[in-house]
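> All I have is the shape, not the residue letters:
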Ligand SMILES: [Zn+2]
């Protein structure tokens, strides 16, 4: 019996600019994981399955990991930020 303290693999969601903005352990509930990965795609991220070790290495080696210096993600505002009457 081996006790896993961490998942063997994980999913990362990479933005088109190359920055990783989402991460999920592979040991998650399958349904939850499927939901998570499809959410990544909806958010415009490119899901990629990598090993846990690889993932740990990338957190250290990629300065843009969870820290995208590029343009903000295109979001549709609820309403235009147009101030009137000022
Ligand atoms: Zn970026």
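Cool, got the structure. Note that the coordinates shown come from a computational prediction; the quantities given were computed from them, not determined experimentally.

> where does the protein have low pLDDT?
1-4, 72-86 (pLDDT under 70).

> can you give me the helices in it?
Using DSSP state H, the helices of the chain run over 30-42, 52-61.

> among the ones you listed, which is nearest residue 7?
Nearest to residue 7 among the helices of the chain is helix 52-61 (5.7 Å), distances taken as Cβ to Cβ. Every residue, glycine included, has its C-beta placed from N, CA and C.

> can you list the residues that contact the closest one?
Identification of contacts with helix 52-61 by Cβ atoms under 8 Å, 6 or more residues apart in numbering yields 6-10, 12, 20, 23, 25-26, 50, 65.

> ok, back up a step: the ion is nearest to which of the helices of the chain?
Closest approach to the ion among the helices of the chain (Cβ to the ion): helix 52-61, 14.0 Å.

> Can you tell me, leaving aside adjacent residues, what's nearest to residue 45?
Nearest residue to residue 45, sequence neighbours excluded (Cβ to Cβ, 6 or more residues apart in numbering): residue 13, at 3.3 Å.

> Report the beta-bridge partners for that neighbour.
residue 22, residue 47 (DSSP bridges).

> Spell out which residues of the chain are next to the ion.
Counting by Cβ under 5 Å from the ion, the chain comes close to the ion at 17, 19, 68, 70.

> and the gap between the most centrally placed residue in the chain and the ion?
The geometric centre of the chain, computed from its C-alpha atoms, lies nearest to residue 22 (Cα atoms, centre = their mean), at 1.2 Å. In this view, residue 22 and the ion are 13 Å apart by Cβ to the ion, to the nearest Å.
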